[in-house]
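In: sequence unknown, structure follows:
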DNA sequence: GTTCGGCGTATGGAAGTCGTCAAGATTGCT
DNA sequence: AGCAATCTTGACGACTTCCATACGCCGAAC
């Protein structure tokens, strides 16, 4: 199936379903699982936000009528740090609410009762759109090469470098924005989760590890540069 | 208006509406024009494809019930060469048709009769998604180049300039209003916070630092100009 | 000619940030 | 359960950035 954006180990596309109605949760879960999606569930807004931060789903199906939070606030909470597609479900047929949700950053809006096939089609469309154009899956410098697709780093000498999962995520994030400055907040939110946006400490530790593994002279980095007070930059 | 992706000369977002019903064509045209979109019209599939190729709209609203072609074929004809967002309109409430349209590559699907506000919200959402980079904000002068996205300043000679966070914020603020005058109050409120609107002192210190780093002759600035008694201006 | 207010420049200490090392804590695998 | 790899956490010195003050320059007003 083309157009999917599998992000986890087993190659399945992760979908997070946030709904307080167990019947809907179950129906979606069954249908999505049958189509080889990896389904995560959450019963209210707080759980949904936590699950999204923890699991990094490829798409989110969100019911607006949650018991604990306003739907728009959930959307804003997600959009603060991720651009994962969000498909909103709602029992209410109020146009103003649709407009509000879409303008908060939702990608699509489906009114209950909905047809399962339609929801699945909209989900496919959303995930297809979100799949980033694999424009340049290889970033190359004088000293090493980062292959985003193969998740592999090779030194100029030819030897492969072993990176831990966290190290790789950090390097991937930097390499995807090669040349551009990436703020510490962005990196922390993406790699460790939005709750860690102030733990700048992790960044220092892991940047040091990456430099030790990749830079010819780790104490004078040529590619993994610090912009004091602002963030880091992958310089080719 | 954030989120738009103006692609033509006058800065408006181009929307192509393809529908054989003159009433809908007119209603959409009026509503879109009122919201500062540039509206193009086509009455059947062939005209629609031709207009899309000729005009490169930023989004397309497509009625499925066209007299000359099947709707899915129109979508496929567009998707062969462009990824412009397509929002499908259809009178029929048939789920299978929605699914087919979405799987052909449509981005969204609205069933007639539809609320104008909802359609406009979906249009905004589609255009927002399609604008991956909120354009490439680069401000260039004879002596240096400011790349807002990459947070990078390069001298004409080619060397990068290192700015502190405060220096960068100040320069960014000026560059975003390039050519226009920015008052000291605005700058202070934005960079240091609303409580500092009278501390004009900070401005003098940091403007001096920016000039020293960026101007060929810091004592006779060519781009970071003082408007005595008013504020500062970034002159290209 | 003097005074005054707005502006530009220089400098030093306080506060914060960054890099490094190393010791727990956690996880996953055998 | 035990082991190894990985992730977290803490402490410290080196460095950068920020803020505050002091001083010189210039034009306008008197």
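Out: Noted; the coordinates are in hand. The shown structure was predicted, so the numbers you read here are calculated from the model rather than taken from an experiment.

In: how about residue A:115, nearest residue that isn't a chain neighbour?
Out: In space, and not counting its chain neighbours, residue A:115 is closest to residue B:95: 4.2 Å by Cβ to Cβ, 6 or more residues apart in numbering or on different chains. (Glycine included, C-beta is placed from N, CA and C.)

In: dump the residue contacts of the one you found.
Out: Contacts for residue B:95 (Cβ atoms under 8 Å, 6 or more residues apart in numbering or on different chains) come out as A:115, A:117, A:118.

In: please pick the buried ones from those.
Out: Neighbour-count burial (16 or more other Cβ atoms under 10 Å in any protein chain shown) is assigned, among those, to residue A:118.

In: go through stretch A:71-86 and flag the buried ones.
Out: Of the residues in stretch A:71-86, A:71, A:72, A:74, A:75, A:77, A:78, A:81, A:82, A:84, A:85, A:86 count as buried by neighbour count, 16+ other Cβ under 10 Å.

In: how about stretch A:29-38?
Out: Across stretch A:29-38, burial judged by 16+ other Cβ under 10 Å covers A:29, A:32, A:37, A:38.

In: any idea of the mean pLDDT in stretch A:65-76?
Out: The average pLDDT for stretch A:65-76 rounds to 88.

In: A helix includes residue A:173, no?
Out: Yes: remark: residue A:173 belongs to a helix, assigned using DSSP: H, G, I helix; E, B strand; the rest coil.

In: so it makes contact with residue A:182?
Out: Yes: counting by Cβ atoms under 8 Å, residue A:182 is a contact partner of residue A:173 at 6.6 Å.

In: looking at these two, which is more packed in?
Out: residue A:182 (22 against 17; other Cβ atoms under 10 Å in any protein chain shown).

In: any idea which helix or strand carries the more buried one?
Out: Using DSSP states H and E, residue A:182 sits in strand A:181-183.

In: re earlier: okay, the buried residues of stretch A:71-86 in CSV with secondary structure next?
Out: Formatted as CSV, these follow (three-state DSSP):
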residue, secondary structure
A:71, helix
A:72, helix
A:74, helix
A:75, helix
A:77, helix
A:78, helix
A:81, coil
A:82, coil
A:84, coil
A:85, coil
A:86, strand
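
In: return the closest of those residues with respect to DNA strand C.
Out: Distance ranking of the buried residues of stretch A:71-86 against DNA strand C, using Cβ to the nearest atom of the strand, places residue A:81 first at 19.0 Å.

In: follow-up on the earlier one: the helix or strand just after the strand holding residue A:182 close to DNA strand D?
Out: Beyond strand A:181-183 on the C-terminal side, the first helix or strand identified by DSSP H and E is helix A:184-191. No: applying Cβ under 7 Å from any atom of the strand, one finds helix A:184-191 separated from DNA strand D by no less than 8.5 Å.

In: quick check: which helices or strands does whichever helix or strand comes after helix A:184-191 pack against?
Out: The first helix or strand that comes after helix A:184-191 along the chain, using DSSP H and E, is helix A:200-214. Using 3 or more Cβ pairs under 8 Å, 6 or more residues apart in numbering or on different chains; DSSP states H and E as the contact test, the elements touching helix A:200-214 are helix A:165-176, helix A:184-191, strand A:224-227.

In: next, the angle helix A:165-176 makes with helix A:200-214.
Out: 80 degrees (axes from the mean of the first three to the mean of the last three Cα atoms, to 10 degrees).

In: which residues touch helix A:200-214?
Out: So helix A:200-214 is contacted by A:143-144, A:153, A:155, A:161-164, A:166-167, A:170-171, A:184, A:187-188, A:192, A:196, A:218, A:221, A:223-224, A:226, A:232 (Cβ under 8 Å, 6+ apart).

In: is any residue of the least confident helix or strand in chain A by mean pLDDT near DNA strand C?
Out: Lowest on mean pLDDT, DSSP states H and E among the helices and strands of chain A sits helix A:45-55, with a mean of 83. No: Helix A:45-55 lies out of reach of DNA strand C by Cβ under 7 Å from any atom of the strand, never closer than 11.7 Å.

In: residues of chain A that sit close to DNA strand C?
Out: Contact residues, chain A versus DNA strand C (Cβ under 7 Å from any atom of the strand): A:184, A:200-201, A:203-205, A:207-208, A:211, A:218-219, A:226, A:228-231.

In: quick check: of those residues, which lies closest to chain B?
Out: residue A:229 (3.8 Å; Cβ to the nearest Cβ).

In: near DNA strand D, which residues of chain A show up?
Out: A:162, A:164, A:165, A:166, A:167, A:192, A:199, A:201, A:202, A:205, A:228, A:229.

In: does the last one touch residue B:165 like I think?
Out: Yes: at 3.8 Å, residue A:229 counts as touching residue B:165 under the criterion of Cβ under 8 Å.

In: any idea which element the residue of chain A positioned farthest from its centre lies in?
Out: Relative to the C-alpha centroid of chain A, counting by Cα atoms, centre = their mean, residue A:157 is the outermost residue, at 32.9 Å. Assigned by DSSP H and E, residue A:157 falls within no helix or strand.

In: any idea how far residue A:143 is from it?
Out: If you measure residue A:157 against residue A:143 using Cβ to Cβ, to the nearest Å, the figure is 9 Å.

In: let me know the pLDDT of the nearest residue to residue A:224 once chain neighbours are set aside.
Out: In this structure, residue A:224 finds its nearest non-sequential neighbour in residue A:211, 5.4 Å apart by Cβ to Cβ, 6+ apart. Note on residue A:211: pLDDT of 96.

In: quick one: residue A:211 from residue A:174, how far?
Out: 12 Å.

In: of these two, give the one with the bigger neighbour count.
Out: Neighbours were counted for residue A:211 and for residue A:174 using other Cβ under 10 Å; residue A:174 has more, 24 against 20.

In: and residue A:77, what does it touch?
Out: The neighbourhood of residue A:77, defined by Cβ under 8 Å, 6+ apart, consists of A:45, A:49.

In: how near is it to DNA strand D?
Out: The gap separating residue A:77 from DNA strand D is 21 Å, by Cβ to the nearest atom of the strand, to the nearest Å.

In: who is residue A:39 paired with across the strands?
Out: On the basis of DSSP bridges, residue A:39 is bridged to residue A:15.

In: measure it to residue B:218 for me?
Out: According to Cβ to Cβ, residue A:39 stands 61 Å off from residue B:218.

In: compare those two (neighbour count), which wins?
Out: residue A:39 (20 against 14).

In: is the more buried one in contact with residue A:15, as I believe?
Out: Yes: contact criterion Cβ under 8 Å: residue A:39 and residue A:15 qualify, at 5.7 Å.

In: common neighbours of those two, please.
Out: residue A:32.

In: please flag which of the contacts of residue B:95 sit within helices.
Out: A:117, A:118 (DSSP state H).

In: take the contacts of residue B:95 and lay them out in TSV including pLDDT.
Out: Shown next, in TSV, are the contacts of residue B:95 (pLDDT from 0 to 100):
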residue	pLDDT
A:115	87
A:117	90
A:118	90
